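Novice: Give me a 3D structure for the following:
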Amino acid sequence: MVGSDRKGEVIRFCIVGAAATAIHYLGYYLLLASLHHNIAYTLGYVVSFVCNYYLSSRFTFHVAMSSQKLVSFALTHLVNYLLHLALFNIFLLLGVPKTIAPLPVFALVVPVNFLLVRYVLKRRNTENDAYRLFLIVAGLAMLGLQLLDTPTLNDDMVYRFMFQHDLNAAVRPIESLGDFLQSQWFHYQLINGRYAVHFIAQAMLVFMPLWVIHVVNTLFFVLLLHLCVSWMKVKGQQQLFAAAMISLLLLLVVKDISTTFLWSLGAFNYLWVLTATMGMLLYLQRIDNESLSGRHWLLAPLAFFVGWSHEGLSLPLSIAFAFCLWTNRKTIWNKATTPYLRLYIIGTLMVLISPALWNRAGGGITM
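Specialist: Modelled structure (predicted):
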């Protein structure tokens, strides 16, 4: 019975999908003569979306329409639209004529569209829907704020250029992988000991477009919210309240942190460090009652490199971890968490032994 229902859904989806695709293409084709191809494609998609939602609800999946499902459907189709637009422009770059470029796009995205539409319209409402919706809205808001923000030019220079020999020497841009690798040593010697942060930040700034950095920042921000809520172990409406309060804390209450997160490198100087640290702590919490074993070996590089991130966060945590290891020294050695606490501390020591960090401290910069 379930198999026949699924088969019927697929058949009805194909009928509705064909109708929506035809509407999309017809709208695009008619508008192409007077509008830019991306605008024509988008407007055709919007008209197709309205028809698709109505027919998918009433005919394909036989579910009642609601404002909540409409919002979820729209957010899901935002992902689908971005996939459409990306593939559409890729085919144009490959030389496919504008009049037929949408056709191979339709062929590729139909299976993805079916899974997304079915998930949104068929799943039952749960107490976590409002929380998930908040994370999506918060992510879109973060992305929008980043697109409006101007990067900090001073630090942008530091990360895009390689310092030579000393801070008074001439600088030159990073133009190759060899320059990039060499610059890591200069940063460790002359700027500060945050090797892992510099490595990721420079790799992103030098080798990736700015819009990719904005998207990755957004994903880190949403993931950080979710990890913080998970750490609090709350359920239902409390998840929504907790996520809202954490967002308020990060972007409005804590001094200067909003500009830090909106800065193009914020995810790699601060945001990614916080996110990775929260992920590590949650994992350690999960295995806290287990005995020592090697099955969590993937946590080892994470603990080491998160420790070797930013002394402002890792040093207090390392002190706490060292105190924990010492006060529980008779019982903790056989626990699964012990090697990862040690690796985190070792990573922090790698920051602290950097000549650049002590030069900065000697120059008046407090620890």
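Novice: Check the burial of the residue nearest to residue 342 when sequence neighbours are not counted by counting its neighbours.
Specialist: Nearest residue to residue 342, sequence neighbours excluded (C-beta to C-beta, 6 or more residues apart in numbering): residue 325, at 7.4 Å. Yep, even glycine has a C-beta here, placed from its N, CA and C like the rest. Residue neighbour count, defined by other C-beta atoms under 10 Å, stands at 17 for residue 325.
Novice: which element follows the host helix or strand of residue 325 toward the C-terminus?
Specialist: Secondary structure from DSSP states H and E places residue 325 in helix 311-327. The first helix or strand that comes after helix 311-327 along the chain, using DSSP H and E, is helix 338-352.
Novice: Distance from that following helix to the middle of the chain?
Specialist: Taking the mean of its C-alpha atoms, helix 338-352 sits 26 Å from the chain's own mean (C-alpha atoms, centre = their mean, to the nearest Å).
Novice: So which elements touch it?
Specialist: helix 195-207, helix 272-286, helix 299-307, helix 311-327 (3 or more C-beta pairs under 8 Å, 6 or more residues apart in numbering; DSSP states H and E).
Novice: Relative to residue 149, how far out is residue 222?
Specialist: From residue 222 over to residue 149 the distance is 17 Å, taken as C-beta to C-beta, to the nearest Å.
Novice: quick one: which of these two has more around it?
Specialist: residue 222 (20 against 16).
Novice: Not counting its neighbours along the chain, what's nearest that one?
Specialist: Per C-beta to C-beta, 6+ apart, closest to residue 222 is residue 139, 4.3 Å.
Novice: Shouldn't that neighbour be within a helix?
Specialist: Yes. Residue 139 forms part of a helix when assessed by DSSP: H, G, I helix; E, B strand; the rest coil.
Novice: What is the neighbour count of it?
Specialist: Neighbours of residue 139 under the rule other C-beta under 10 Å: 18.
Novice: Repeat that for residue 314.
Specialist: By other C-beta under 10 Å, 26 other residues sit near residue 314.
Novice: where does it land on pLDDT?
Specialist: We have a pLDDT of 91 for residue 314.
Novice: list the contacts for the closest residue to it other than its chain neighbours?
Specialist: Leaving aside its sequence neighbours, residue 314 sits nearest to residue 348 (C-beta to C-beta, 6+ apart; 4.4 Å). Residues near residue 348 by C-beta atoms under 8 Å, 6 or more residues apart in numbering: 307-308, 311, 314-315, 317-318.
Novice: what sits against the residue nearest to residue 222?
Specialist: Residue 139 neighbours (C-beta under 8 Å, 6+ apart): 218-219, 221-222.
Novice: try 7 Å
Specialist: Neighbouring residues of residue 139 by C-beta atoms under 7 Å, 6 or more residues apart in numbering: 218, 221-222.
Novice: Show the pLDDT at the spatially most central residue of the chain.
Specialist: Note on the chain: the residue nearest the mean C-alpha position is residue 219, at 1.8 Å, using C-alpha atoms, centre = their mean. On pLDDT, residue 219 comes in at 86.
Novice: Likewise for residue 167?
Specialist: Looking at residue 167, its pLDDT is 63.
Novice: go on, residue 41?
Specialist: We have a pLDDT of 90 for residue 41.
Novice: element containing it, please.
Specialist: Assessed by DSSP H and E, residue 41 sits inside helix 37-55.
Novice: Which strand or helix spans residue 80?
Specialist: helix 67-93.
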